[in-house]
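*Asks:* quick one: sequence plus predicted model below, questions after.
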Amino acid sequence: SCSYQRFASCYRCFYKLQPQLTRSIYDQFISQLQSSIKEEIQEVKNEGNLEGLFNSLDKIVEEAKDREEPAWRPSGIPEEDVRSALLPYLLKHRSYLRKVLREKEEENRKVAKSVLAGRDRIAELQQLIQARKQAWQ
């Protein structure tokens, strides 16, 4: 779309009078346009820290090459996406809670045995006290 022929056709009168000058103007125009575009691109890269972002993207791509399982992609149904993301976490948390519950139940059984043993010992001591009291009287 930026060919010399097109440029010359836009400035036909000028081209007919001085074709070499028209070519020179075209070359200058193209070189300035290219440098202007490069400057704009560099400004956008600097403002948005695109170079750093592209580097981090490259790093992510490199890390992903070693993965064997496919990357997660949304299905388009938010409920299913949330469920698929939360389900493994919730299952792991449920497993953890069940483990903690079993530990607490075992601890409670031990404490209950200890309490029953303490009550039995108290009952024995009360009987011993009663027996000594009767013997003393």
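*Replies:* The structure has been received and is ready for your questions.

*Asks:* from now on I want contacts and neighbour counts done on CA atoms only, so please keep to that.
*Replies:* OK.

*Asks:* all helices of the protein, in order?
*Replies:* Along the chain, counting by DSSP state H, helices occupy 4-10, 12-17, 19-47, 50-65, 78-136.

*Asks:* so which of those is nearest Trp72?
*Replies:* Ranking the helices of the chain by proximity to Trp72 (C-alpha to C-alpha) places helix 78-136 first, at 9.4 Å.

*Asks:* average model confidence for that closest one?
*Replies:* On average, the pLDDT along helix 78-136 is 94.

*Asks:* count of neighbours near Leu50?
*Replies:* 14 (other C-alpha atoms under 10 Å).

*Asks:* how many neighbours does Thr22 have?
*Replies:* Other residues near Thr22 come to 19 when the count uses other C-alpha under 10 Å.

*Asks:* and the pLDDT for the closest residue to it other than its chain neighbours?
*Replies:* Using C-alpha to C-alpha, 6 or more residues apart in numbering and skipping the chain neighbours, the partner closest in space to Thr22 is Tyr15 (5.6 Å). Looking at Tyr15, its pLDDT reads 83.

*Asks:* how much space between Tyr15 and Arg23?
*Replies:* With the distance defined as C-alpha to C-alpha, to the nearest Å, Tyr15 ends up 8 Å from Arg23.

*Asks:* and for Gln5?
*Replies:* Going from Gln5 to Arg23 by C-alpha to C-alpha gives 10 Å.
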